[in-house]
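Undergrad: Quick one, structure for this:
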Amino acid sequence: MRIGRVVAPATPAIRGEAKWRKVVDVDDRVTDIAYSSGWLYLRSAKDAPRFKVVRMLLLHDIVEIDAGDAFLHEAGALAAQAQKEEGAAQRIFGLLPADQRDEWLALWHEFEAAETPEAVLAHAFDRVQPALLHEATDGVIWQKYGTTHEQIQSKVRVVRAAAPALWERVQAIIARAKAAGRFG
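TA: Got it, this is the predicted structure:
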């Protein structure tokens, strides 16, 4: 089943790719998210309900794909983004039968609130993925937007408590980026 294609924020080419991608297959992105989330789960908290965490990530990213993306370190853009995402979630999940709509909206809101252990773990995974992408692209986005070391550390802090096994990996990525001068 094909979900569709969207124009996404420019995704930098990973080493070996020819150019940045602007149009992505949604089903490819969802598949990548599912596989990545499963791998991350296996490397971290074994007692969290895996399916629930992966569903939260998928629902979050489906809404984010529809609403568009905001740069993680622009506070003003993030406030407006939250409103866009709420509208997108209501619209997308509003297309579903009432019971499924209510279940998926509740799960999406749980992720956004980041108060339950499952939502905190999902947020940790959501913070790891950009670090992995930045490592694979030599930190081009961090440099383009002038992202500081302190901003990155602030955003990935959730990983330390939620997924300690991943914390060391993320810190190694950040340390290499800092040593290579890949911050703004």
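Undergrad: Can you point out the helix or strand that includes the residue nearest to the spatial centre of the chain?
TA: Per CA atoms, centre = their mean, the C-alpha nearest to the average position across the chain is that of residue 126, at 3.5 Å. Counting by DSSP states H and E, the element that carries residue 126 is helix 117-136.
Undergrad: swap in residue 178?
TA: helix 164-179.
Undergrad: Could I have the CA atoms of that helix written out in CSV?
TA: Only the C-alpha atoms of helix 164-179 are listed here, as CSV (Å, rounded to 0.1, in the frame of the first residue of the first chain):
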residue,chain,number,x,y,z
PRO,A,164,20.8,5.0,28.9
ALA,A,165,22.3,2.6,26.4
LEU,A,166,21.8,5.2,23.7
TRP,A,167,23.1,8.1,25.7
GLU,A,168,26.7,7.1,25.3
ARG,A,169,26.2,6.8,21.5
VAL,A,170,24.6,10.2,21.3
GLN,A,171,27.3,11.8,23.4
ALA,A,172,30.0,10.2,21.2
ILE,A,173,28.3,11.7,18.1
ILE,A,174,28.1,15.1,19.7
ALA,A,175,31.7,14.9,20.9
ARG,A,176,32.9,14.1,17.3
ALA,A,177,30.8,16.9,15.9
LYS,A,178,32.3,19.4,18.5
ALA,A,179,35.9,18.2,17.8
